[in-house]
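Peer 1: Just to be clear, the model below is a prediction. Sequence and coordinates:
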Amino acid sequence: MNQLFSKSGKVSLVFIFSCILFFSFNSNVNSELTDPFLKLCENSDAYYTHFYTDVTYAKNWVRYKKYVSVNNKLVVNTNRGVEDYAFLNLNAFESNHLEKIKIRTLKADGSIVELDSSLVFKRNSKKEKFGAINYPIPAVEPGDTIETNYVYYQNLKESELMGYVNLYTNLPSKDSQYSIKTGPELATRYKPYNNFPEPDVVSNDSLVYLQFSMDKIKGLEVNENNCLLCEHPYLYYTLEDKDSELRTWKDVYNEEFNFLTQPMALDYDNSSYYKRWKRRVIGTAKDSSKYYKFNLLYSEVLNNFQMEPIREDELIKSTGYFLKQKRFDAFGIRRFYRRILEDLEIDYWAVFGRNKRSGNIDTQYIRKGEFEHIFFAFENEKGYMKFLYPHKDLYMYQIDEIPTSIYNTKAIIVKPSIKVKKKKKDKFINRDFEFATVDSVDVAEIKLPGMDSNYNYIDQTISSEVDIKEKKATFRYRFKVSGGLSTELRVFFEMLNKNEEASNFYDALSEFEGNDNTIQIDTVSSINLNGNKPFAFNMSGTGTLNNVVTFINDSLISISIDKLIQHNQLETTSDTSELNYYLDYSYSDRFMFFMNFPSNIEVLGLENGNIDFKNDSGEYFFEVEQSTSNQLRLKSNYKIIKDLILKENYNELKNLNKKVNYAKSKRLIIKLKGS
């Protein structure tokens, strides 16, 4: 080979290789510069370079100890990022179960500032519990990175070894991971949903390790109406004995339903009282149908008994004990319902439900701990299915009334396949503390009922009298609430004002509506609840209007509509929504206002004020007019017509709210004639 050619060849190869490296480097740089996710990170107020959660389950005598290690780095880009995200946030459980914690600020100039955790966790004594922690991290400026590392623990029973894996946060993350580590004595079962990636798995004689990873995760802002699990990837896992079999609906019925509902036979001193109480309540109706007797017994408890929190010393008490006390707790009421259904030989199902925004029930992979609602269903004398939801602390559910969070959701109903007359030992929990079991069950999937905007409504009517001399406005008030809104409002009132007088009871109304006490109820004249679906709740009263009527002078009065109209609007604070709105129900919010004056009036500002707006998400109607020579009438109706509002229709919801805000911005001037 020619020596010159050989040298030239070497030079050519070096040149070509250099060119390849150069163009490759430039290609990577250009790729990074044009990567839309990196652009998203740069334009965000803050983002994570990584967000790691490592969970370890370790045997601790007869129980297990769960260690959760959180490690992340947060880059803060803007002043707003400092204001919003430069904080250590721990809930009360985490702050009281910390093993270790280390927080550092990595300054842009290379220096490091470490947070003194003794300043964060101050208390007067070791017995004092910490609350939720929201502590500002010092010395953070735009361009800095916050490095967070902490470990907390939780003691668990074997039946509690389960969890959800969801790698989304409210900020973008370049690299997110969640790992599970345990000993080989436990089997790890999991199922991904919505295309959640499969894990990397390491399994040997000493450990089982699973790591779930996702890169370039877009941050998501989540509000109370969103359902992350309905739309984005997540995973559910359980840790179980290696030799255990997959759960069946028979297992769920025997373990979860019987645990909550099977009556106790240990409290012998009080057990016979139940039979005497039942005979007394049924009385002369002993020859009536079993359904009529059931309604008598149910109504006696509903109308004359109280609900109280569970007390540990009452867990094994019989139904008779609670009947004597004229009160129940969450366990006692379930056991009572089951006993009267069985004693009256009314067939019933166990119902297993799940909140709408917690994701669907999986009928094939029956997950531990996923049933947030366990209650009863039975057929009435006409063959219609009725739901019997157990009363809760401070709230008594009517027959067919269920929590709004499970409206229109999928549920599973289960009952034993073979109907046999039960022996006493199969009806009650005795000294052996063994629950009744069945060999086979019938299972069906149902859709729980809901109600639409024709039944879910708030209807307020105010008739006001303006007193010119006293410079005030009093009113007569009629309030009606129905359907899911009735359930929610009554739950709220019960929690705030159990056993309070009606006048004090309705002081909470203004607080609930958030209208700075504009509609001040002074006297309640009547309260009425219809116990049948849709559970309409009525109230009438009188009161005083505050901050609505402004007396400019003796002949001019200003009316502030924004103080008067306080609709239950769906929140639309951001420009767009990346998740759908999963509402418990659609609803109507109707308001009618009459203002009467002592003389004839002229109303200024009525022109072009009426609104009649409709789109696929809702409707808004607003009308204000001088109805008689001395009366002003205002009507404002806000309606959400669907219980699912797609993110693509978010602008429709914003436009609907804009119409309400426009109506509220109006100001009317009333000119009194002859003054």
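Peer 2: Looks like it came in fine.

Peer 1: those helices in the stretch 301-450 of the chain, which residues are they?
Peer 2: Per DSSP state H, counting those that start in this stretch, the stretch 301-450 of the chain carries helices over the ranges 319-325, 330-343, 424-427.

Peer 1: Dump these into a markdown table; add mean pLDDT, mean neighbour count and distance to residue 155 as well.
Peer 2: C-beta coordinates here come from the backbone N, C-alpha and C atoms, glycine included. Below are the helices of the stretch 301-450 of the chain laid out as a markdown table (pLDDT from 0 to 100; neighbours: other CB atoms under 10 Å; distance: least, CB to CB, whole Å):
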| stretch | mean pLDDT | mean neighbour count | distance to residue 155 |
| --- | --- | --- | --- |
| helix 319-325 | 89 | 21 | 31 |
| helix 330-343 | 91 | 21 | 23 |
| helix 424-427 | 55 | 12 | 34 |
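
Peer 1: Out of those helices, the one nearest residue 471 is which?
Peer 2: Among these, the nearest to residue 471 by CB to CB is helix 330-343 (51.8 Å).

Peer 1: Run through who's touching the closest one.
Peer 2: Residues outside helix 330-343 that contact it (CB atoms under 8 Å, 6 or more residues apart in numbering): 260-264, 274, 278, 294, 297-298, 301, 307, 310, 314-315, 317, 319, 322-323, 328, 348, 376, 378, 388, 390-393, 422, 427.

Peer 1: And stretch 651-666, by the same measure?
Peer 2: 561-562, 565, 567, 569-570, 572, 581, 605, 609, 611, 613, 615-620, 622, 624, 636, 638, 645.

Peer 1: Pull out the buried residues from these.
Peer 2: Buried members of these, scored by 16 or more other CB atoms under 10 Å, are 561, 565, 567, 569-570, 572, 581, 609, 611, 613, 617-620, 622, 624, 636, 638, 645.

Peer 1: circling back to that earlier point, now, which of the contacts of stretch 651-666 lie within helices?
Peer 2: For these, the ones inside helices are 561-562, with DSSP state H as the criterion.

Peer 1: which ones among the contacts of stretch 651-666 are found in strands?
Peer 2: 581, 611, 613, 618-620, 622, 624, 636, 638, 645 (DSSP state E).

Peer 1: now these as a markdown table including distance to residue 288 and pLDDT?
Peer 2: Putting the ones in strands among the contacts of stretch 651-666 into a markdown table (distance: CB to CB, whole Å; pLDDT from 0 to 100) gives the following:
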| residue | distance to residue 288 | pLDDT |
| --- | --- | --- |
| 581 | 47 | 95 |
| 611 | 55 | 94 |
| 613 | 54 | 96 |
| 618 | 47 | 96 |
| 619 | 47 | 97 |
| 620 | 50 | 97 |
| 622 | 53 | 96 |
| 624 | 55 | 92 |
| 636 | 49 | 96 |
| 638 | 46 | 97 |
| 645 | 48 | 95 |
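
Peer 1: Which members of those residues are the farthest-apart pair?
Peer 2: 581 and 624, at 29.8 Å, using CB to CB across the ones in strands among the contacts of stretch 651-666.

Peer 1: Name the spans of the stretch 151-300 of the chain whose pLDDT lies under the cut-off.
Peer 2: By pLDDT under 70, the low-scoring segments of the stretch 151-300 of the chain are 264-269.

Peer 1: Can you tell me which residue is spatially central in the chain?
Peer 2: residue 224 (6.4 Å; CA atoms, centre = their mean).

Peer 1: Contacts for stretch 618-628 next, please.
Peer 2: With CB under 8 Å, 6+ apart as the test, stretch 618-628 has contacts from 561, 594, 601-603, 606, 609-613, 632-641, 652-653, 656, 659-660, 663, 666, 668.

Peer 1: What's the per-residue pLDDT of residue 675 here?
Peer 2: Per-residue pLDDT puts residue 675 at 53.

Peer 1: can you check residue 35 too?
Peer 2: Looking at residue 35, the pLDDT reads 86.

Peer 1: Could I get the contacting residues of it?
Peer 2: Under the criterion of CB under 8 Å, 6+ apart, the contact list for residue 35 is empty.

Peer 1: just residue 672 next, same as before
Peer 2: Residue 672 touches 468, 554-557, 597, 599-601, counting by CB under 8 Å, 6+ apart.

Peer 1: Quick check: phi and psi on residue 658?
Peer 2: Here is the backbone geometry of residue 658 (degrees, to the nearest 10): phi -60, psi -40.

Peer 1: Tell me how many other residues crowd it.
Peer 2: 13 (other CB atoms under 10 Å).

Peer 1: got it, and residue 534?
Peer 2: When neighbours are defined as other CB under 10 Å, residue 534 has 20 of them.

Peer 1: That one belongs to a helix?
Peer 2: No. Counting by DSSP: H, G, I helix; E, B strand; the rest coil, residue 534 is not found in a helix; it is coil.

Peer 1: Assess the claim that it and residue 452 are in contact.
Peer 2: No. At 10.2 Å, residue 534 and residue 452 do not qualify as touching, with contact defined as CB atoms under 8 Å.

Peer 1: Now for the nearest residue to residue 560 once chain neighbours are set aside: which residues touch it?
Peer 2: Nearest residue to residue 560 in three dimensions, chain neighbours excluded: residue 548, at 5.5 Å (CB to CB, 6 or more residues apart in numbering). Residues near residue 548 by CB under 8 Å, 6+ apart: 473, 518, 559-560, 563-564.

Peer 1: any idea how far residue 661 is from residue 548?
Peer 2: Distance, residue 548 to residue 661, using CB to CB, to the nearest Å: 18 Å.

Peer 1: Next, format the helices of the stretch 301-450 of the chain as TSV and append distance to residue 414.
Peer 2: Below are these laid out as TSV (distance: least, CB to CB, whole Å):
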stretch	distance to residue 414
helix 319-325	23
helix 330-343	14
helix 424-427	17
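
Peer 1: These: which one's closest to residue 115?
Peer 2: Among the helices of the stretch 301-450 of the chain, the nearest to residue 115 by CB to CB is helix 330-343 (41.7 Å).

Peer 1: Could you confirm residue 455 falls within a strand?
Peer 2: No. Under three-state DSSP, residue 455 sits outside any strand and is assigned coil.

Peer 1: Contact partners for it?
Peer 2: Counting by CB under 8 Å, 6+ apart, residue 455 touches 482-483, 534.

Peer 1: can we see that at 10 Å?
Peer 2: Shown in contact with residue 455 (CB atoms under 10 Å, 6 or more residues apart in numbering): 482-486, 533-536, 585-588.

Peer 1: Residue 194: what's it in contact with?
Peer 2: The contact partners of residue 194, by CB under 10 Å, 6+ apart, come to 228-235, 359.

Peer 1: err, residue 44, not the other one
Peer 2: Residue 44 neighbours (CB under 10 Å, 6+ apart): 75-78, 81, 85, 171-172, 218-219.

Peer 1: can you give me the strands for the stretch 51-200 of the chain?
Peer 2: With strands called from DSSP state E, counting those that start in this stretch, the stretch 51-200 of the chain shows them at 63-76, 87-90, 98-106, 112-114, 133-136, 145-156, 162-165, 173-182, 186-193, 200-203.

Peer 1: List the buried residues of the first one.
Peer 2: What that stands for is strand 63-76. Result for strand 63-76 [16+ other CB under 10 Å]: buried residues 64, 66-76.

Peer 1: Kindly reformat these as CSV containing pLDDT and distance to residue 184.
Peer 2: Listed next are these as CSV, based on pLDDT from 0 to 100; distance: CB to CB, whole Å:
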residue, pLDDT, distance to residue 184
64, 94, 14
66, 96, 17
67, 97, 18
68, 97, 21
69, 97, 21
70, 97, 26
71, 97, 25
72, 97, 30
73, 97, 33
74, 97, 36
75, 97, 39
76, 97, 42
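
Peer 1: so where's the stretch 401-550 of the chain uncertain?
Peer 2: Where the stretch 401-550 of the chain drops to pLDDT under 70, the residues are 420-436, 495-516.
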